[in-house]
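S.K.: The following comprises the amino acid sequence and a computationally predicted model.
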Amino acid sequence: MIQVKLPDGTVKEYSENSTAIDVAQSIGERLANAVVAAEVDGTVCDAFRPMKEISGSSELSLRLLTDRDAEALGVMRHSCAHIMARAVMRLWPGIQLAFGPTLPHGFYYDFGLEHTISEDDFPKIEEEMKKIIKEEEPFERFSLDRSEAVSFVNEMDQHSKAEHIETGLADHGQLSFYRQGEFVDLCRGPHIPNAGKVKAFKLLSIAGSYWKGDTGSKPLQRLYGTAFFSKKDLKKYLEQIEEAKRRDHRVLGKKLGLFQINPEVGQGLCLWLPKGATIRAVLEDFIKVELTRLGYQPVYSPHIGRVELYETSGHFPYYRDSQFAPLFSHDAGQLVDFWVRKLEEESLSAEDEEIFFKSSRVMNCDFEFPPGASREEKIEILKAWEHKNERYLLKPMNCPHHAEMYKAMPRSYRDLPVRLAEFGTVYRHEQTGELNGMLRVRGLTQDDAHIFCTPEQVEEEFRITLDLVKFILAAVGLDNFRVQLSLREPGSDKYVGSEENWERAENSLRKVLSDSGMPFSECEGEAAFYGPKADFMVSDCIGREWQLGTVQLDYNLPERFKLEYTGSDNQPHRPVMIHRAPFGSMERFTGMLIEHFAGAFPLWLAPEQIRVLPVSDKTLDYANEVAAELRKNGFRISVDTRSSKVNAKIRDAQLELIPYMFIVGPKEAEQTAVAVRDRIDGDLGPMPLADAIAKLKQEAEERLVRQVAESSFSGIEGQTEASNEY
RNA sequence: GCUAGCGUAGCUCAAUUGGCAGAGCAUCGGUUUUGUAAACCGAAGGUUGUGGGUUCGAUUCCCACCGCUAGCUCCA
């Protein structure tokens, strides 16, 4: 017998092999039908599996999960992924199963298949899935030991699964499988009792992927879908996706004339149109005031720098693939650069080298190879030539420039921390497929700064910086964020700096984050190679997380640039560098904000804050007087001088999401008043112009955020990347 | 870069099963002088992303390229 404790505290006895469904049965037939999964001793599991097997004890606690429990949704979605794979297998035999995990809003399944699935195939697949669901066949679980499992999956021709058992699951003695009809899959589970529990589902999209994410391995097809316990929930979800599309920053950016990314200008190169540029300028002014308050000093650096600068910092050639190609002042620069790389790769034939050499002569190069020169000697000669000629890189980051500025004068411990700030524009040659509106671009401006401090000051500087990021996010009402503390990967040698420094840095960051009370998670292996970092992950309206602000510790660059300060002991010491960017980049931050506000910016950020609407041409003169007064008070405004009806002018201003309209006619002109219309609350009635100005001035100065479009997805809870697979 | 899909007027979208490319909004010109979400009349706007091919004929079918979108990989 086993003792089962239920959530209400009652304890009941059941026979040895009882399942959660048996327990539900003993309570009532309807409950037994409603059970989707179970939670035994806090672990979500199959409702049809003997509870003792899960708990390992004869005394256990049980929670029955029905369609009202969030945990049940993830279980059902994973079962739906199996059903989808089964349907695809029926339609196109020979499918190679890979992985099929649950996602926050759905699921996917990766598989290899000769036939290329397109969206036209979705109805067919969905039809087959419906058939499977209608049959309500049960899911069954069984385990095999390692050797049995390998031969079992090989018998089924699922060789990827066999490989996974050998590699990824090397430490598992027993492997579990789930069978549903003719479909069997290596899977950790849990699953729903039978396919009939899936009440509403939809295939969403198809994409390419790779076995275990390795681009060098075999390509797979990834089929995305989602499932819910009711048709209503599914419909709601699909409507929310539509809503998310409507507030897409690319759509709004075009409609509101904020920015443009124009193929004629170049991929990923953002053109800030006047209205978008205004928002950016306001944000920059806002942050500049804070930086001055915190003792930062402004600096400027050019958009290009010598390649040698980045060789010193270590960014070249390490990040060569994601940088724009160097600019060479000598015609043969490109040739020699390529030549060196071919020699380094040892992939240059004698004939090709002869062509290179002839070409270099044509291009007036002055180097010679001594007879019988070795590969190394040739590289040395070519590199010496390169160093003699100018090579520039479009600035991929600002740090090396700031490091040089630190070195511009001798530093004493009394001067530290030195905080150098710059809105620095950098260029990165991101892969074409990575580009995404303003959120991922090739030319971006970081609200960058580097703090040079003593090791003892790190903690305090980190704390101040965290507060700054928090303050700035709060100012725009972005409060849906978490901090990710990125640490070393234990045992890896890809990091620079001493063990002691890393230990100290990681502990400092952890301590400050704990003290701050901010929610944070630790992530091993995500650190930069030069130090640990804290990244602000902010959620957008379609549940995507974007890394905005970042604070990073760096022990590497001070070393490479030989930065020093004189300590109180009159000895040279090495400072620590803190890289930080509260917005991340102006592009990404503004893009996020457009979606966050769904284009309806608060008064302090709105590109056009007030529009003056004369009722007719007869009050144009007064409208212009009002406009002059508003401009004098620093507002960004315009006057709608068209000869159309007030209704039309209001409609246009409303659609352009302008926070306030001042409507003026003969009545207002007589009393130096304005009829105020609020974008949110509508007509506020007439008030003296001076009062209206005072009211809006206050609202702008307080940076009041009155309206934040609700996040569409806030209502839907899902597991974050639950991996039901092994 | 990879996989799949898409590309028609400034914008949103029609149409052509291969046979003169069409509407609304925006724009421009006129009429209208207007009170809290769309006044009326008219005009203009296109080598259907680019380049090839098949065809009597291609915007439609085929190929390549460019760009966009979703996802993968990447993000100092």
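M.R.: Ah, there it is.
S.K.: From here on, just use CA atoms for contacts and neighbour counts.
M.R.: Fine.
S.K.: Quick check: beta-bridge partners of the residue positioned nearest the centre of chain A?
M.R.: Chain A has A:W546 as the residue nearest its centroid, 2.8 Å off, counting by CA atoms, centre = their mean. In this entry, A:W546 is beta-bridged to A:V538, by DSSP bridges.
S.K.: Quick check: it vs A:Q552, distance?
M.R.: 17 Å (CA to CA, to the nearest Å).
S.K.: what's the nearest residue to A:A162 if we skip its chain neighbours?
M.R.: A:V150 (5.2 Å; CA to CA, 6 or more residues apart in numbering).
S.K.: Can you report how many residues neighbour A:A149?
M.R.: 20 (other CA atoms under 10 Å).
S.K.: Output the contacting helices and strands for the helix or strand harbouring it.
M.R.: Using DSSP states H and E, A:A149 maps to helix A:146-155. Contact analysis of helix A:146-155 by 3 or more CA pairs under 8 Å, 6 or more residues apart in numbering; DSSP states H and E lists helix A:159-166, strand A:174-180 as its packing neighbours.
S.K.: per-stretch mean pLDDT over those, give me the minimum one.
M.R.: Sorting these by mean pLDDT places helix A:159-166 lowest, at a mean of 82.
S.K.: would A:K342 count as being in a helix?
M.R.: Yes: if the criterion is DSSP: H, G, I helix; E, B strand; the rest coil, then A:K342 is within a helix.
S.K.: for chain A, which spans come out with low pLDDT?
M.R.: A:215-216, A:539-545, A:708-726 (pLDDT under 70).
S.K.: According to the record, where do the domains of it fall?
M.R.: A:2-66, A:71-244, A:277-300+A:398-596, A:330-389, A:610-701 (automatic domain parsing).
S.K.: Next, A:V483: secondary structure please.
M.R.: A:V483 - assigned by three-state DSSP - is strand.
S.K.: What's opposite it in the beta bridge?
M.R.: Beta-bridge partners, per DSSP bridges, of A:V483: A:F520, A:F536.
S.K.: Quick check, the residue in the stretch 451-600 of chain A closest to RNA strand B?
M.R.: A:A528 (5.0 Å; CA to the nearest atom of the strand).
S.K.: Angles on the backbone of that residue, please.
M.R.: phi -70, psi 160 (degrees, to the nearest 10).
S.K.: Give the buried residues for the lengthiest helix in chain A.
M.R.: The residue-count maximum for a helix in chain A (DSSP state H) belongs to helix A:70-91. If you call a residue buried by 16 or more other CA atoms under 10 Å, then helix A:70-91 has these buried ones: A:71-90.
S.K.: May I have it as CSV, with CA atoms only?
M.R.: Output of helix A:70-91 as CSV, limited to C-alpha atoms (Å, rounded to 0.1, in the frame of the first residue of the first chain):
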residue,chain,number,x,y,z
ALA,A,70,-0.4,25.9,-16.4
GLU,A,71,1.9,22.9,-16.1
ALA,A,72,-0.7,20.7,-17.9
LEU,A,73,-0.5,23.0,-21.0
GLY,A,74,3.2,22.3,-21.5
VAL,A,75,2.6,18.5,-21.2
MET,A,76,-0.2,18.6,-23.7
ARG,A,77,1.8,20.7,-26.2
HIS,A,78,4.6,18.2,-26.1
SER,A,79,2.2,15.4,-26.7
CYS,A,80,0.8,17.5,-29.6
ALA,A,81,4.4,17.7,-31.0
HIS,A,82,4.4,13.8,-31.0
ILE,A,83,1.1,13.8,-32.7
MET,A,84,2.4,16.2,-35.3
ALA,A,85,5.5,14.1,-35.9
ARG,A,86,3.3,11.0,-36.2
ALA,A,87,1.1,12.7,-38.8
VAL,A,88,4.1,13.8,-40.8
MET,A,89,5.5,10.2,-40.6
ARG,A,90,2.2,8.8,-41.9
LEU,A,91,2.2,11.3,-44.9
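S.K.: The residue lying closest to A:N633 once chain neighbours are set aside sits in which helix or strand?
M.R.: For A:N633, ignoring the flanking residues on the chain, the nearest one in space by CA to CA, 6+ apart is A:I693 at 7.8 Å. Using DSSP H and E, A:I693 sits in helix A:689-701.
S.K.: who's in contact with the closest residue to A:Y555 other than its chain neighbours?
M.R.: Distances taken as CA to CA, 6+ apart put A:V576 closest to A:Y555, at 5.7 Å, once the chain neighbours are dropped. Shown in contact with A:V576 (CA atoms under 8 Å, 6 or more residues apart in numbering): A:I451, A:F452, A:C453, A:T454, A:P455, A:V458, A:L553, A:D554, A:Y555, A:P558.
S.K.: hang on, the earlier thing: which residues touch the helix holding A:I693?
M.R.: A:L603, A:W604, A:V626, A:L630, A:N633, A:T672, A:A673, A:V674, A:V676.
S.K.: how many other residues sit next to A:F139?
M.R.: So A:F139, with other CA under 10 Å, has 22 neighbours.
S.K.: Please report the distance of it from RNA strand B.
M.R.: 28 Å (CA to the nearest atom of the strand, to the nearest Å).
S.K.: Can you redo the domains of chain A as JSON lines, where the extra columns are distance to A:Q323?
M.R.: Shown next, in JSON lines, are these (distance: least, CA to CA, whole Å):
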{"stretch": "domain A:2-66", "distance to A:Q323": "47"}
{"stretch": "domain A:71-244", "distance to A:Q323": "21"}
{"stretch": "domain A:277-300+A:398-596", "distance to A:Q323": "5"}
{"stretch": "domain A:330-389", "distance to A:Q323": "15"}
{"stretch": "domain A:610-701", "distance to A:Q323": "38"}
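S.K.: and A:G266, which of these is closest to it?
M.R.: With CA to CA, the closest approach to A:G266 among the domains of chain A belongs to domain A:277-300+A:398-596: 9.2 Å.
S.K.: now A:L605, what's its secondary structure?
M.R.: Going by three-state DSSP: A:L605 is coil.
S.K.: ok, it - contacts?
M.R.: Per CA under 8 Å, 6+ apart, neighbours of A:L605: A:I279, A:V282, A:L283.
S.K.: go again using 6 Å as the cut-off
M.R.: With contact set as CA atoms under 6 Å, 6 or more residues apart in numbering, A:L605 has these partners: A:I279.
S.K.: One more: A:A24?
M.R.: So A:A24 contacts A:L31, A:A32 (CA under 6 Å, 6+ apart).
S.K.: gap between it and A:A72?
M.R.: With CA to CA as the criterion, A:A24 and A:A72 are 15 Å apart.
S.K.: Can you give me the buried ones in the helix holding A:I693?
M.R.: Those would be A:L689, A:A692, A:I693, A:L696, A:K697, A:E699, A:A700, for helix A:689-701 by 16+ other CA under 10 Å.
S.K.: How about that helix and RNA strand B, touching?
M.R.: No: using CA under 7 Å from any atom of the strand, helix A:689-701 never reaches RNA strand B; the gap is at least 12.6 Å.
S.K.: Off-centre distance for that helix?
M.R.: 38 Å (CA atoms, centre = their mean, to the nearest Å).
S.K.: on that earlier part again, top of the contacts of A:V576 by number of neighbours, please.
M.R.: A:F452 (29 neighbours).
S.K.: What strand or helix carries it?
M.R.: strand A:443-453.
S.K.: Just confirm yes or no for that strand near RNA strand B.
M.R.: No: Strand A:443-453 does not reach RNA strand B (CA under 7 Å from any atom of the strand); its nearest approach is 10.5 Å.
S.K.: Following that strand in sequence, what is the next regular element?
M.R.: Immediately after strand A:443-453, counting by DSSP H and E, sits helix A:458-475.
S.K.: the inter-axis angle of that next one versus strand A:443-453?
M.R.: 140 degrees (axes from the mean of the first three to the mean of the last three CA atoms, to 10 degrees).
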